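Undergrad: What follows is a predicted structure for the sequence shown.
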Amino acid sequence: MRERFYKWLTACSKRLGPGFFSWIAQGIAAGYFVLFPNRTLMSVRFYKALYPHRTRFYHYWCAWCQFRNFTSVFLDRFLLSSGGLIRNTFDGRHYLRQAIEEKRGGILLMSHLGNWEVGARLLRRAMPELRLMLYVGQRVKDQIERMQKQDLAASGIRILAVDQEGGSAFDLVEGIAFLRSGGFVSMAGDMIWRHDQRAVTARFLNHWVQLPEAPHVLALIARVPVYVFFASSRGQGHYHFSICPPIDVQAASRADRIEAIRRSVQAYAELVEGHLRRHPFEWYHFQAFLGEPVEPSKSL
């Protein structure tokens, strides 16, 4: 959705109610589902990996549920920005509280599984003592993305926009300094932004996938744990947050670093897969994600 259309839609919805927003957004989702078959087929392939013994019709139905549910991301952003009530419940909050009390930072690793944007904004409301820096990709032409970052910054979250054509070493230095001062750095753990980005191979849904190395390298260098965070919808106006037990990325020597990072990446992939099986239609990753199937005789 372009900025001008999005503003028109939100203005109308303030007068006509969120049902109008939802109706229009689902119409757009249906258009994408029908008119962009390559994107739809990527989703069908993904759900075939998740449900290998179900029919192809079922995989298409899953893909449609994914497209339709994605509209809730925009609807809930609208509700949150217009003062609507969105409540949340929480598992694992004590992990963050303990880290804050000990003045230790951490990597808050998010995914395109559930609504990470609403999750970050509500997390700041629920834990105002949490100092949060969010790394986000910067796409100059994406107008909605620019509005999204403005809303996040207004929530008290420090935004570090990284150029997707090539980040700067200063971006990492700034993140490490923030972590060592007791802050939390949040990044997406499942999105490769550019072809030359450093990645680690992990096993996911019995396929090989490439996941970014940077969050785990930051944790290793700053000597802070990785906390995997999920924000899942529990129905209209209700989100459930999950903070998983911390993953320590530690290496006894420089030679052990690669293996320590690989273990952390694989642990993250397994947590995402487990959460995905409980919330299959909140997978909002619309790019090619799965690589080749894992051959039974091969492992990492």
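TA: Sure thing, it's come through. Numbering: from 1, shown residues only.
Undergrad: only C-alpha atoms for contact and neighbour calcs from this point on.
TA: Noted.
Undergrad: isn't Gly189 right up against Val209?
TA: No. Between Gly189 and Val209 there is no contact, the gap being 11.8 Å when judged by C-alpha atoms under 8 Å.
Undergrad: quick one: what helix or strand has Glu295 in it?
TA: Glu295 is part of no helix or strand when elements are defined by DSSP states H and E.
Undergrad: what are the ranges of the helices in the stretch 151-300 of the chain?
TA: Counting by DSSP state H, counting those that start in this stretch, the stretch 151-300 of the chain has helices at residues 169-180, 214-222, 257-278.
Undergrad: residue contacts, Thr71?
TA: Ser22, Ala25, Gln26, Ala29 (C-alpha atoms under 8 Å, 6 or more residues apart in numbering).
Undergrad: Give me the buried subset of the residues you listed.
TA: Neighbour counting by 16 or more other C-alpha atoms under 10 Å classes Ser22, Ala25, Gln26, Ala29 among the contacts of Thr71 as buried.
Undergrad: ok so, going back, of all the helices of the stretch 151-300 of the chain, which one is nearest His195?
TA: helix 214-222 (14.2 Å; C-alpha to C-alpha).
Undergrad: what is the mean pLDDT for that closest one?
TA: For helix 214-222, mean pLDDT is 94.
Undergrad: Give the buried residues for it.
TA: Applying 16+ other C-alpha under 10 Å to helix 214-222 flags Ala214, Pro215, His216, Val217, Leu218, Ala219, Leu220, Ala222 as buried.
Undergrad: about what we covered before: need the contacts of Thr71 in TSV (columns: secondary structure and distance to Ile86).
TA: Below are these laid out as TSV (DSSP: H, G, I helix; E, B strand; the rest coil; distance: C-alpha to C-alpha, whole Å):
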residue	secondary structure	distance to Ile86
Ser22	helix	16
Ala25	helix	19
Gln26	helix	20
Ala29	helix	23
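Undergrad: ok, and what's touching stretch 243-252?
TA: Everything outside stretch 243-252 that qualifies as a contact, by C-alpha under 8 Å, 6+ apart, is 91-93, 95, 216, 219-220, 223-230, 257, 260-261, 264, 267.
Undergrad: From the residues you listed, keep the buried residues only.
TA: Using 16+ other C-alpha under 10 Å, the buried ones in the contacts of stretch 243-252 are 93, 216, 219-220, 223-230, 257, 260-261, 264, 267.
Undergrad: Go through the helices and strands of the chain and name the one with the lowest mean pLDDT.
TA: helix 143-154 (a mean of 68; mean pLDDT, DSSP states H and E).
Undergrad: number of nearby residues for Tyr135?
TA: 18 (other C-alpha atoms under 10 Å).
Undergrad: Surely it is in a strand?
TA: Yes. The assignment for Tyr135 is a strand, going by DSSP: H, G, I helix; E, B strand; the rest coil.
Undergrad: Spit out the contact partners of it.
TA: With C-alpha under 8 Å, 6+ apart, Tyr135 has these contacts: Ile159, Leu160, Ala161, Val162, Val185, Ser186, Met187, Ala188.
Undergrad: Buried ones from the residues you listed, can you make that a ChimeraX selection?
TA: Written as a ChimeraX command, the selection of buried residues from the contacts of Tyr135, which uses 16+ other C-alpha under 10 Å, is:
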select :159,160,185,186,187,188
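Undergrad: just the contacts of Tyr135 now: which is nearest Ala120?
TA: With C-alpha to C-alpha as the yardstick, the closest approach to Ala120 among those comes from Ser186, at 8.8 Å.
Undergrad: Any idea what that closest one is bridged to?
TA: Leu108, Leu134 (DSSP bridges).
Undergrad: on that earlier part again, identify, from the buried ones among the contacts of Thr71, the entry nearest to Gly237.
TA: For the buried ones among the contacts of Thr71, the nearest to Gly237 is Ser22 (13.2 Å; C-alpha to C-alpha).
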